[in-house]
Each structure stands twice: as C-alpha cells, then as structure tokens.
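Chemist: 3D model of this:
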Amino acid sequence: MRDRVDRIADPWGDRTPYAPGRRWPARVDAFLEPGVTADAVQRWVPTASLLHSNGDAMDVAVVDGRIVGVRGRAADRVNRGRLGPKDLFAWQANRAGDRLTRPLLRRGGRLVETVWDTAMGAVVARSEELLRERGPGSIGFYTSGQLFLEEYYTLAVIARAGIGTNHLDGNTRLCTATAAEALKETFGCDGQPASYTDVDHCDTLALFGHNMAETQPVLWMRVLDRLAGAEPPRLVCVDPRPTPVARRATVHLAPRIGTNVALLNALLHEIIRTDRVDRDFVERHTVGFDELAERVSGCTPAWAAGVCDVPARRITQAAEVLGDAERLLSTVLQGVYQSHQATAAACQVNNLQLIRGMLGRPGCGVLQMNGQPTAENTRECGADGDLPGFRNWENEQHVADLARVWNVEPSRIPHYAPPTPAMQIFRYAEQGTIGLLWISGTNPAVSLPDLDRIRGILDRESLFTVVQDLYLTETARFADVVLPAATWAEKTGTFTNADRTVHLSEQAVEPPGDARPDLDVFLDYARRMDFRDKDDRPLVHWHDARSAFEAWQECSRGRPCDYTGLSYELLRAAGGIQWPCTAEAPGGTERLYTDGIDWAAPDTCETYGKDLVTGASVSETEYRALNPDGKAVLKAAEYLPPHEDTDDDHPLQLTTGRTLYHFHTRTKTGRTPQLDAAAPDVWVELSAAEASARDLGEGDLVEVTSPRGSVRGRLRLTGIRDGLVFLPFHYGYWDTPAGSRPGAGGGRAANETTISDWDPVSKQPLFKTAAARLTLVERADGHRAPAPTTTASAPADPAAAPPTTGGPDAVATQTADQEEDRP
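Modeler: Purely as a prediction, here's the structure:
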C-alpha cells in the first residue's frame, strides 16, 4: 500500500481486500496542512463527517486553537479509519475569510452589522406581533440536515409546543423524505432495517439510483474491498449515467428517466414468475402479496423494455441475479427519491427484499439511504414533518404521550392536519399566510426547484425572513435578519448517520467573532419568547448540549429510536453506536427486524399509510382491517407516465445530481481549494451520439433550457444514456458578481430549470424529471468542460480531457492496520 496518495486523483485510495464474513480491515487516512506534522498536533478532538450521510468517524487536529487537519478513527464501525475527499479537505472552509462573524439587520434596504441583542429583539418582536395578530400558523421554520440532534429537538419543541405551528420542515424534504416515507409505508415506522456491516456479508448488492462512489465514497471503499477479496458480491446497478458503480456492476440497467416503477415491477414479476419467493417468510411477516402479484402479473421484461428503453434480456438477467442471491442487500438514493413516483418505486425495492425473505440477518436488508449527515436526526426529532420519536400525529395516544413528555396539554401540539412539507411552507409564504420564515443551515435560493419563483417569494415585502448560516449565502442576501452560526468542530453535539450510528462531535475550536452555536440561538429565542409548560415552568428547560441530549433521551424512551442507553461518556469511549440503545441492548442494535416486524401494529405504527398514487391518507379503520397483526405491508404500485415529458420544443430529458467533490450548494466545498479546483464550475453532460446528432462537441458552450429557465455550461460527452442531459446542482451565484441570481452570462444553478412538482406521498421535489432543449452558444475553441474525469462525468473519449488531479496540496497519508483478519 502506498503511504501517500493524491486523494483528488484517486478518491478511494488503495485496497484492503477481505472475504465475506470477515471484519473490514482498518486503513487510517489523514491530512494535515503543509508544514504540520502529527507530532506537532496539540489535541485530537473526536467528531464525524459533515458533508455526506455516511458518518465517517474522525479526529480533528488542533494547534494553537486552529484546525490544521483530520485523521480517521480505525476502531470505528462505520469507516475503520478511512476518509473521503470531502472529509479530508473540507474542514478548511471553517477558516474561510468571508465567514459571518456579526449579526446583520436590514435597514434602508441594506444588510448592516448589529449586535445579537438587537437582532434577536427584531426576530422576537416580529414573532410576537404575528402571534398576536394572525396566530401560530403565520410562523414557519425551514431547517437543515447538517445541525446536531440537540438543535433539531430544541427547534421542534419551540415550533410545535412553543409557537404551536405545523410549519416546520427540513431541507431533508429534498433528499430523504422518500426514504422515511417508504420505510413507514412498508414497515409502519421509520428506521433503517440494515447496517453497513451487511456489506461484509452479502453475496449480491443492488444499488437503485444510488451513485455510492460519489455520494458515500467511504462506503464504496468497503464495497471495493469486498470486490477485491475472495468471493466478491455481484452488483446490480440502476442508473442512467455511467457511474463508477455501473462500471463495476454485473448488470447495469440505465432506464429512461421517470420509469423506475415500471422497471421494478418487471423485476418483481420475474421473481414471482420463477418462484424465487420465500413463501414462508411472506406468510409469516407480510400482508398484500396477492395484490402485489396481481399488479405485476402483466409487467413482463418485454413490456418494461418498451417503457424504460432497456433491453428485456438485461432486465431478465438482473432478475436472475437478484433471484439467485442468498444474501441480498439493496440500497436506494436520489435516483429514486427525486424521480417520478418516488415513494412507489422505493416501496417496490422494499417489496423485492421482503418477497425474497432477505431481512434481519447478516448480508440481508435494505438501506433507504440519506443524503445529509444528520438527516436521520431531523426525522427522529420531529424537525422534518413528523412528531418526535416517530410518533403518529393521527394517533391521539401518541400525541398525549408527547404532551406528557413536554408537560403541555395535547391541544397545544398541532395535529389537526399533517405537518407542513417544505414546498407547501414556501407556497404559504408566497400567498402571504406565513409572515415569518426562519431558515437555518440551508440555502433554498439555490437548492429548491424553479428558482425564479423562489427568489420572488424570498423577496416579498410581506415576508420577514431570518437566515441562520455561516456565510452570506444567496438566501441570506434576501433576509431581514442574518444570524452568524457556529459549525462542525466549533460546537458540541451528536449526529446519527444513515445506518442509525450515533457519534459525538466535540468542540475543537472557538467559532469566529460573535458566531454562536445553533443551539444557543434557539435557546436564546425560547428564553426571550418565554415559552411555558402547563405548570408555568420554562418549556425548554435545558441550557446546553448535554442537557438537551438528556431531554431528547426522555422523549425517545420506549420509542423505536430509543437513545436511553447512550451518553456522551459512552460515545466518547466507544465511538459510533447504533440505536436503539437501551438497558436491554447496551451495545446498540446492528440491524432491525431480526425476529419479525416490530412497529407496524395499528396502535404503535408511525403512520397508517398513504395511497401511492394520490398521497391520500389511509384511515385508521382501513389500516386496522388491512394489517391487524402489524406485519410489513407489500404495497403494489401501477406505473404512471411522468407529468412533464419531452416534446418538439424540449426533446431531451433533463436530470440533476451530485458530483463527488461538492456538497449541496458549495457553501463549504467551494471554499475548499482542493475540492473547488476539482470541479470549479457547472458543466453539461450529454452522450456522444446525442452530441453528434446535434453537431456539438466536447467543450462547446451550450444552453440548457426548460419551460422554466436556462443554464449555460461547457459540454462534457460521456457514456450517459442517449436522450438525457445531466446538470450538477451545486452551483449558484455567491462567488459571481451577481451574488444571488443569474448575471449577464446566463444561469448557473441547475434549479433554474427544474419543475415545481413533487411526489404525492413524500412531498419530495422531483429534481430528476424534466424536459429540455440544448442550443449552442459558442464553440469550444480550446476550452474544456470543468468536469472531473474520475467520476460519472468521465469523458467517453479519455483523450478529450486531462485527468483530474489535486497535486501536492491534495496528498493525504493512508496507513494499513496490521491487525489479524477476523470475523
């Protein structure tokens, strides 16, 4: 193994092969700023990764009160010491020269510096005015997937029982709402059934719309090490782009955008037709099999081939691989969640696992993945459209139990209707119903669909907007009050990754200037608003991260996401631990549903379900009749065509997505030299055949236009499916002269083009289902697309672009652990 590796040019590092059933060997990755040696580090402070959902455990290196680097933790269950490019380099964004250090208040149309007392006074004054004149429904909160558990829980208590508003959601609505909804629809409750350690045991790994190599690079390292070892797993990949996963797959299916349900129904059809069904498991643990079998009875591979534009023989081959698996692990991400019929498709993946009986044992399960580091916490804590602790808002006993925990009357907690999803919150702001919108840790002026409309909402005179962030983002430029926040490594708290692993992130350095932890901001607001419980005691009775965590533990007691066996001391000593962690399971719980389905009974379930076509709620009576014994529900779905399809004016399908080197709207990664240099600007991907038919070439400047707007970028010709255009969604305007909107050079943000449409069940926006046309602006004339060559964006002709490298400043160390290979 090499000691030093350019981790921009070689994002996944060297291999440490291992066989099924063995422990993943450790490899410790580290990066220190030039001139700093490990011996010079004064403190190593434990934390975990911030810029994806994997939860890679690491230590932050501190010298003289400054962060100078990071290293992976070899003993941690999640990453065994490995770090991805964003883990290794993005800490530098903490030290960016344009960090917000003072509150800002809008005066005379301009944002000017002020003090905290004045800024918070303005927020409280507007809150009290709205509550007095228009009631709690006039206030809304839109938060992040990057805060800490303690902060989400505090915000949930403030919103639900303090203000009494139903309008609280997170930007997790954009990335993991469908994951949560699919788990609830199938298992009655949120909570990831499988574990990352199932990669160590599986003989077949199916990835549905999940570019693991770029979204979770350390988990992909785990897969690569299995592929390099004895008895490697077979891979099935469903993705329209030639991702690194697709290149290693046994079978790669590249369906037409918007046809996931048709493809999955054909796979289910073949599994049932060839009798690869675990009949005993289905009988004991599920309901709905007969309806599912009937629904897919006509969904032959030939039928699906006509809908999906995938060869029927390839669909049959994929079904054979899945049907022959003895230990099948499936993963799902944005290629399903942000596409047409999102929840319906994700549920069909669950159905595939269930009818094969692949659940609750090593190597068998489903990972409905997350996209952000603390997306799981928004769901647990009730900050993303659910009640805390996975309680059912339609179940009066669940509401009463939450009221007991908070010591308020049940009527104080709004449960007259479902909690309001993000797109509806912005609609209410557009209509004037919401008069104050508090946005924390997210950048909707770049990340929401149909940006021209979103900018219009944020710019409304009638909307008082509070933005709590690290930088003057595109969204912050529209705000009435801007609150400077502390970030990762500048505050203490816990966060939970996609496979339920909880880590403690400890404060390593002080935040810059007057920036404050989000928890301190929320606590200050609660104190100033003087929220009280029914005994006239402070509703928010905690004062710091530890006491907030302890309050959350009580809220989680006896719930599916039970944290009562955890403590800061235990997490500090042991590293990552999976919930539920209780006195009965003090070491955590590796995988769920090892002995049947636990939380689907009518009295305990988080939801009674929804219609997968309309999104209409299933009544309690209907659910009790369907599932009296609390089994997993096999929810069938009919394929329906996308709402927006191609036509003569917009003959191409359009999809958006991530690249390995950036996260969300680049507020951190765009301020990290190594990451920004690897993908410095937006580009446009098209197949070589499609480009040839349009007389376009590598590096040409093109304009992508949808019915809503347009984006300009240099063209990269790849192996993407014909008829499809891809745009990376990370790029906005904060680092352009325009600041918050398109300038003279045209649009840069992919969401100028995306549609205001969402899944009827999860309410997740459909970023991957649109129609567009492509026009030439100017020839390449020596220019190249600023797209990486190491990823799904690799050119079809390797000679078309020089390899992506990071140079000496991107060289990290990697050290293999010499411990004995063991189960």
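
Chemist: what's the span of stretch 756-774 from first residue to last?
Modeler: 21 Å (Cα to Cα, to the nearest Å).

Chemist: Run the chain-centre distance for that stretch.
Modeler: How far stretch 756-774 lies from its chain's middle: 16 Å, per Cα atoms, centre = their mean, to the nearest Å.

Chemist: Equivalent analysis for stretch 121-134, please.
Modeler: Per Cα atoms, centre = their mean, the centroid offset for stretch 121-134 relative to its chain is 33 Å.

Chemist: For that stretch, buried residues please.
Modeler: Within stretch 121-134, the residues scored as buried using 16 or more other Cβ atoms under 10 Å are 122, 123, 124, 126, 127, 130, 131. Using the backbone N, CA and C atoms, a C-beta is placed for each residue, glycine as well.

Chemist: Please work out which residues outside the helix or strand hosting residue 812 touch it.
Modeler: Using DSSP states H and E, residue 812 sits within strand 811-816. With contacts defined as Cβ atoms under 8 Å, 6 or more residues apart in numbering, strand 811-816 is touched by 1-7, 13-14, 16, 25-31, 81, 83, 88.

Chemist: In helices, which of those residues fall?
Modeler: residue 88 (DSSP state H).

Chemist: From the contacts of strand 811-816, keep the buried residues only.
Modeler: If you count burial by 16+ other Cβ under 10 Å, the buried members of the contacts of strand 811-816 come out as 5-7, 13-14, 16, 25-31, 81, 83, 88.

Chemist: for the residues you listed, which one is nearest residue 542?
Modeler: residue 83 (32.7 Å; Cβ to Cβ).

Chemist: show me the contacts for that closest one.
Modeler: Here residue 83 is in contact with 29, 30, 31, 49, 56, 58, 70, 71, 72, 218, 812 (Cβ under 8 Å, 6+ apart).

Chemist: Which PyMOL command selects the buried ones in these?
Modeler: Filtering the contacts of residue 83 down to the buried ones (16+ other Cβ under 10 Å) takes a single PyMOL command:
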select buried, resi 29+30+31+49+56+58+70+71+72+218+812
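
Chemist: Strands - which of the contacts of residue 83 land there?
Modeler: Residues of those located in strands (DSSP state E): 29, 30, 31, 58, 70, 71, 72, 812.

Chemist: can you name the two of those that are farthest apart?
Modeler: Between any two of those (Cβ to Cβ), the greatest distance is 12.0 Å, for 58 and 812.

Chemist: for the closest residue to residue 386 other than its chain neighbours, what are its contacts?
Modeler: Spatial nearest neighbour of residue 386, excluding adjacent residues (Cβ to Cβ, 6 or more residues apart in numbering): residue 379 at 6.1 Å. By Cβ under 8 Å, 6+ apart, the residues touching residue 379 are 172, 176, 180, 190, 386, 390.

Chemist: if you set the cut-off to 10 Å instead, what comes out?
Modeler: 145, 152, 170, 172, 176-177, 179-180, 183-184, 190-191, 370, 385-386, 388, 390, 496, 561, 606 (Cβ atoms under 10 Å, 6 or more residues apart in numbering).

Chemist: What is the helix or strand hosting residue 222 packed up against?
Modeler: Under the criterion of DSSP H and E, residue 222 resides in helix 217-228. Contact partners of helix 217-228 among helices and strands, from 3 or more Cβ pairs under 10 Å, 6 or more residues apart in numbering; DSSP states H and E: strand 27-32, helix 85-89, strand 204-208, helix 212-215, strand 234-238, helix 244-248, strand 328-332.

Chemist: Any chance of the ones you listed in a markdown table with distance to residue 582 and mean pLDDT as columns?
Modeler: Shown next, in a markdown table, are the helices and strands packed on helix 217-228 (distance: least, Cβ to Cβ, whole Å; pLDDT from 0 to 100):
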| stretch | distance to residue 582 | mean pLDDT |
| --- | --- | --- |
| strand 27-32 | 32 | 98 |
| helix 85-89 | 31 | 98 |
| strand 204-208 | 31 | 98 |
| helix 212-215 | 31 | 98 |
| strand 234-238 | 36 | 98 |
| helix 244-248 | 36 | 98 |
| strand 328-332 | 26 | 98 |
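
Chemist: Which stretch among these approaches residue 456 most closely?
Modeler: helix 212-215 (31.2 Å).

Chemist: Can you mark which positions in that closest one are buried?
Modeler: For helix 212-215, by 16+ other Cβ under 10 Å, it's 212, 213, 214, 215.

Chemist: pretty sure the second one is touching residue 85, no?
Modeler: Spelled out, that is residue 213. No: using Cβ atoms under 10 Å, residue 213 is not in contact with residue 85; the gap is 11.5 Å.

Chemist: between the two, what contacts are shared?
Modeler: 11, 12, 660, 790.

Chemist: among those, which are in strands?
Modeler: Among the shared contacts of residue 213 and residue 85, no residue falls in strands (DSSP E).

Chemist: Looking at those residues, state which has the most neighbours.
Modeler: Counting neighbours by other Cβ atoms under 10 Å, residue 660 leads those with 28 neighbours.

Chemist: residues in contact with that residue?
Modeler: 8, 11-12, 52, 84-86, 211, 213-215, 217, 220, 244, 675, 678-679, 788, 790-793, 804.

Chemist: Likewise for residue 322?
Modeler: Residue 322 touches 204, 206, 234, 236, 251, 267-268, 270-271, 276, 328, 330, 352-353, 356, 358, counting by Cβ under 10 Å, 6+ apart.

Chemist: with these in mind, which one is nearest to residue 645?
Modeler: Nearest to residue 645 out of these is residue 267 (Cβ to Cβ; 23.4 Å).

Chemist: helix, strand or coil for that closest one?
Modeler: Three-state call for residue 267 (DSSP: H, G, I helix; E, B strand; the rest coil): helix.

Chemist: which residues of the stretch 251-400 of the chain fall in helices?
Modeler: With helices called from DSSP state H, counting those that start in this stretch, the stretch 251-400 of the chain shows them at 260-273, 279-285, 289-295, 301-308, 312-324, 334-337, 342-355, 375-381, 396-406.

Chemist: which other residues reach the second one?
Modeler: Read that as helix 279-285. 278, 288-289, 292, 354-360, 593, 595-597, 600, 629-632, 634.

Chemist: filter the contacts of residue 660 to the buried ones?
Modeler: Buried members of the contacts of residue 660, scored by 16+ other Cβ under 10 Å, are 8, 11-12, 52, 84-86, 211, 213-215, 217, 220, 244, 675, 678-679, 788, 790-793, 804.

Chemist: Could you identify the longest helix within the chain?
Modeler: From DSSP H, the single longest helix across the chain is helix 116-133.

Chemist: Now whichever helix or strand comes after it - C-alpha only, PDB.
Modeler: Proceeding N to C from helix 116-133, the next assigned helix or strand is strand 139-143, under DSSP H and E. Only the C-alpha atoms of strand 139-143 are listed here, as PDB (Å, rounded to 0.1, in the frame of the first residue of the first chain):
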ATOM      1  CA  ILE A 139     -44.700  31.500  11.500                       C
ATOM      2  CA  GLY A 140     -42.700  28.800   9.700                       C
ATOM      3  CA  PHE A 141     -39.300  27.200  10.100                       C
ATOM      4  CA  TYR A 142     -37.200  25.600   7.400                       C
ATOM      5  CA  THR A 143     -34.100  23.900   8.700                       C
END
